[in-house]
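Q: Mind looking at a prediction? Sequence and model below.
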Amino acid sequence: MGFFGLFSKEKKETLDKGLQKTKESVFGKIARAVAGKSKVDDEVLDNLEEVLITSDVGVETTLKIIERIEQRVAQDKYMNTSELNGILRSEISALLIENNTDDVDDFEAPLKAKPYVIMVVGVNGVGKTTTIGKIAYQFKKAGKNVYLGAADTFRAAAIEQLQIWGERVGVPVIKQQMGSDPASVAFDTLNSAVSNGADVVIIDTAGRLHNKIGLMNELTKIKNVMKKVVPDAPQEVLLVLDGSTGQNAFEQAKQFTKATEVNAMAVTKLDGTAKGGVVIGISDQFKIPVKYIGLGEGMEDLQVFRRDEFVDSLFGDAK
């Protein structure tokens, strides 16, 4: 992965700890599914299918994984259950490789544009504003000049929360009064950011799933207004999803990908849930890279998603 792909011991420990509940749940279920069995047969595969679905991997992705394992069983003729974890590990790795084509650069990596504009979308309560604050912190720590735009003008609390994060991180927040035109806030933010040589601009947007047409129009207007200042903005439309909601996260992803051109995802709150399998299913079903994962409350607990480390933490020593 090169210099920017270095994965510190501290990050690995945070990832292992954050995925512990998912790991214990999934492998506890797998152990029960194969108990008393010496080989992988139809009953084991049926049980495994149930395990994956109840672990929030999602039906379509689960069926894809089971089909691949069936092909390997047919090819090898005989396969014992002790090999199952290894096979499952390799198939999930392959799936994540297919859908996250390249490992995402660290925050220290050179940006693809200046300013690099990130428009953040997602429903209220998923950790959207907190995620923005943590991303801003990581970029600031990496020496980048960061600006935040409080374009979620629907709730006064959203503006206040972003302001608090801006103060904590030490980055400017451009805001207007509650009820202001969100596109106007985005315009002001980019103007100010460009004038002050900002490297990264992160725009918060309204977190309500009002009717899809209204949502689509609002997000399109924000994007069009930003382009008047930075022609290729936003370079990134980041959808924030709460991993602890499991299948509900799939539904949110479906709504937002219909409403706007999402090209990156962040899955939060994985540390408090056994539903970490949702990362696998969302990555597979929407063919949109998972860029960040949230593993705790601390500023450092938002990590760039790396498929290999994710699978290693999920499966531990089960090779």
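A: It's in.

Q: Look up how far G294 lies from the residue nearest to the spatial centre of the chain.
A: The centre of the chain sits closest to A266, judged by C-alpha atoms, centre = their mean, with a distance of 2.2 Å. Distance, A266 to G294, using C-beta to C-beta, to the nearest Å: 7 Å. Every C-beta, even on glycine, is put in place using the N, C-alpha and C of the backbone.

Q: so where is this protein shaky, pLDDT-wise?
A: Where the chain drops to pLDDT under 70, the residues are 1-7, 77-79, 99-105, 209-211, 317-319.

Q: hmm, try it at 80
A: Where the chain drops to pLDDT under 80, the residues are 1-9, 11, 26-28, 31-38, 76-82, 84-85, 97-106, 208-213, 272-274, 315-319.

Q: how about the helices in it?
A: Here the chain has its helices, by DSSP state H, at 9-18, 20-34, 42-54, 59-76, 84-99, 128-141, 156-169, 182-195, 212-227, 247-259, 278-286, 307-315.

Q: Check which residues of the longest one are buried.
A: Going by neighbour count (16 or more other C-beta atoms under 10 Å), the buried part of helix 59-76 is T61, T62, K64, I65, I66, R68, I69, V73.

Q: what would the helices of the chain look like in JSON lines with distance to V120?
A: Formatted as JSON lines, the helices of the chain follow (distance: least, C-beta to C-beta, whole Å):
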{"stretch": "helix 9-18", "distance to V120": "21"}
{"stretch": "helix 20-34", "distance to V120": "25"}
{"stretch": "helix 42-54", "distance to V120": "30"}
{"stretch": "helix 59-76", "distance to V120": "25"}
{"stretch": "helix 84-99", "distance to V120": "21"}
{"stretch": "helix 128-141", "distance to V120": "6"}
{"stretch": "helix 156-169", "distance to V120": "10"}
{"stretch": "helix 182-195", "distance to V120": "11"}
{"stretch": "helix 212-227", "distance to V120": "11"}
{"stretch": "helix 247-259", "distance to V120": "11"}
{"stretch": "helix 278-286", "distance to V120": "17"}
{"stretch": "helix 307-315", "distance to V120": "22"}
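
Q: just so I know, which of these lies nearest M119?
A: The closest of those to M119 is helix 212-227. By C-beta to C-beta, the value is 6.7 Å.

Q: How about residues contacting that closest one?
A: 117, 119, 121, 151, 182-184, 186-187, 190, 203, 205-206, 209, 233-234, 255-256, 258-260 (C-beta atoms under 8 Å, 6 or more residues apart in numbering).

Q: again with stretch 17-37
A: Here stretch 17-37 has contacts from 43-44, 47-48, 50-51, 54-55, 81, 84-85, 88, 270-277, 293, 295-296, 301, 310, 313-316, 318, using C-beta under 8 Å, 6+ apart.

Q: what about 6 Å?
A: Contacts to stretch 17-37, defined as C-beta atoms under 6 Å, 6 or more residues apart in numbering, come from residues 44, 47-48, 51, 55, 81, 270-271, 274, 276, 295, 313-314.

Q: Most neighbours among the residues you listed, which one?
A: G276 (29 neighbours; other C-beta atoms under 10 Å).

Q: Touching, that residue and T268? I think so.
A: No. Assessed by C-beta atoms under 6 Å, G276 is found out of contact with T268, at 11.5 Å.

Q: Skipping its backbone neighbours, what lies nearest L302 in space?
A: K134 (3.9 Å; C-beta to C-beta, 6 or more residues apart in numbering).

Q: go on, L295?
A: In space, and not counting its chain neighbours, L295 is closest to G18: 3.1 Å by C-beta to C-beta, 6+ apart.

Q: okay, now that neighbour: neighbour count?
A: Counted with other C-beta under 10 Å, the neighbours of G18 add up to 24.

Q: distance of it from N145?
A: 30 Å.

Q: One more: R208?
A: From R208 to N145 the distance is 31 Å (C-beta to C-beta).

Q: before we move on, the earlier item: show me the contacts for the residue nearest to the residue nearest to the centre of the chain when sequence neighbours are not counted.
A: Distances taken as C-beta to C-beta, 6+ apart place Y292 nearest to A266, at 4.0 Å, with adjacent residues excluded. Contacts were defined as C-beta under 6 Å, 6+ apart; by that measure Y292 touches A266, L302, F305.

Q: out of those residues, who's nearest E10?
A: Each of the contacts of Y292 was scored against E10 by C-beta to C-beta, and L302 proved nearest at 13.5 Å.

Q: Now G127: closest residue in space that isn't a chain neighbour?
A: Nearest residue to G127, sequence neighbours excluded (C-beta to C-beta, 6+ apart): T268, at 3.9 Å.

Q: no, scratch that, I was asking about L48
A: Nearest residue to L48, sequence neighbours excluded (C-beta to C-beta, 6+ apart): A33, at 5.7 Å.
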